[in-house]
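A.B. asks: coords please:
(chains A and B)
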Amino acid sequence: NAGVTQTPKFQVLKTGQSMTLQCAQDMNHNSMYWYRQDPGMGLRLIYYSASEGTTDKGEVPNGYNVSRLNKREFSLRLESAAPSQTSVYFCASSGDSLQGIQHFGDGTRLSIL
Amino acid sequence: AQSVAQPEDQVNVAEGNPLTVKCTYSVSGNPYLFWYVQYPNRGLQFLLKYITGDNLVKGSYGFEAEFNKSQTSFHLKKPSALVSDSALYFCAVRDMNSGGYQKVTFGTGTKLQVIP
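C.D. replies: Below you'll find the model as predicted:
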């Protein structure tokens, strides 16, 4: 039972490079989310998708774009990476009947030099 | 707007002693409240939730949480701490009236260290 799968697990980029973080869930959830986790900051929402075909900005969207490719997959793209985007990125999903309970992947640890 | 505060960055407790991790919240309507746990190099895992009903909620691994509406608090508790409980704990809130989008706001996390 895979749940939420994120790839890659680790990545090092140089400033200005681009990258796409992948996320897939096998629980038939409508809603999917991208968060970043930084020390002392908790989890901050970057983008979310309430259903297939829709995406909306969260708390910290600048420098990121997303694509909800289908119901299963939700990708996060950094077009021109900056050192301030060094973080751990988490994807999560939730179903309509779960009253807000979110299921998380194990994260992508991204370092930008 | 909704918000969550976890006033302690770290809580240290001796193994076998009771533990409490504090959380206070602010929402405009009625809250859904959650606790999650994060182990090193892993994603967050759901522990328990309060939606409505009994103010004392029981969850996974022997944890429980008490909802106090007058104090707008939702503290996480466990009667007897285990070394394996050492992890990062997050409180989260959702406004029950937030509509179709399940926006959840997370606290900054409290590191629980259980000392053998």
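A.B. asks: can you pull the residues of chain B lying near chain A?
C.D. replies: B:9, B:32, B:34, B:41-46, B:49, B:51, B:90, B:94, B:100-104, B:106-109 (CB under 8 Å from any CB of the partner chain). (Each C-beta comes from the backbone N, C-alpha and C, glycine too.)
A.B. asks: strands - which of those land there?
C.D. replies: B:32, B:34, B:44-46, B:49, B:90, B:94, B:106 (DSSP state E).
A.B. asks: show me which of the residues you listed has the smallest pLDDT value.
C.D. replies: Ranked by pLDDT, these bottom out at B:Arg94 (87).
A.B. asks: relative to A:Ile101, how far out is that residue?
C.D. replies: Counting by CB to CB, to the nearest Å, the gap from B:Arg94 to A:Ile101 is 10 Å.
A.B. asks: who's more crowded, the two?
C.D. replies: B:Arg94 (25 against 19; other CB atoms under 10 Å in any protein chain shown).
A.B. asks: quick check, the more buried one in contact with B:Ile51.
C.D. replies: No. Contact criterion CB atoms under 8 Å: B:Arg94 and B:Ile51 do not qualify, at 9.7 Å.
A.B. asks: give me the common contacts of those two.
C.D. replies: A:99, B:32 (CB atoms under 8 Å, 6 or more residues apart in numbering or on different chains).
A.B. asks: re earlier: buried ones among the ones in strands among the residues of chain B next to chain A?
C.D. replies: B:32, B:34, B:44, B:46, B:49, B:90, B:94, B:106 (16 or more other CB atoms under 10 Å in any protein chain shown).
A.B. asks: quick one, what contacts the first one?
C.D. replies: Read that as B:Tyr32. So, once contact is read as CB under 8 Å, 6+ apart, B:Tyr32 ends up touching A:99-100, B:49-51, B:93-96.
A.B. asks: may I see the ChimeraX selection of the buried members of those residues?
C.D. replies: Restricted to buried positions by 16+ other CB under 10 Å, the ChimeraX selection for the contacts of B:Tyr32 reads:
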select /A:100 /B:49,50,93,94,95,96
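A.B. asks: reformat the contacts of B:Tyr32 as TSV; add distance to A:Tyr35.
C.D. replies: Formatted as TSV, the contacts of B:Tyr32 follow (distance: CB to CB, whole Å):
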residue	distance to A:Tyr35
A:Gln99	19
A:Gly100	14
B:Lys49	19
B:Tyr50	22
B:Ile51	22
B:Val93	15
B:Arg94	15
B:Asp95	18
B:Met96	22
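A.B. asks: tell me which of the contacts of B:Tyr32 is nearest to B:Thr24?
C.D. replies: B:Val93 (9.7 Å; CB to CB).
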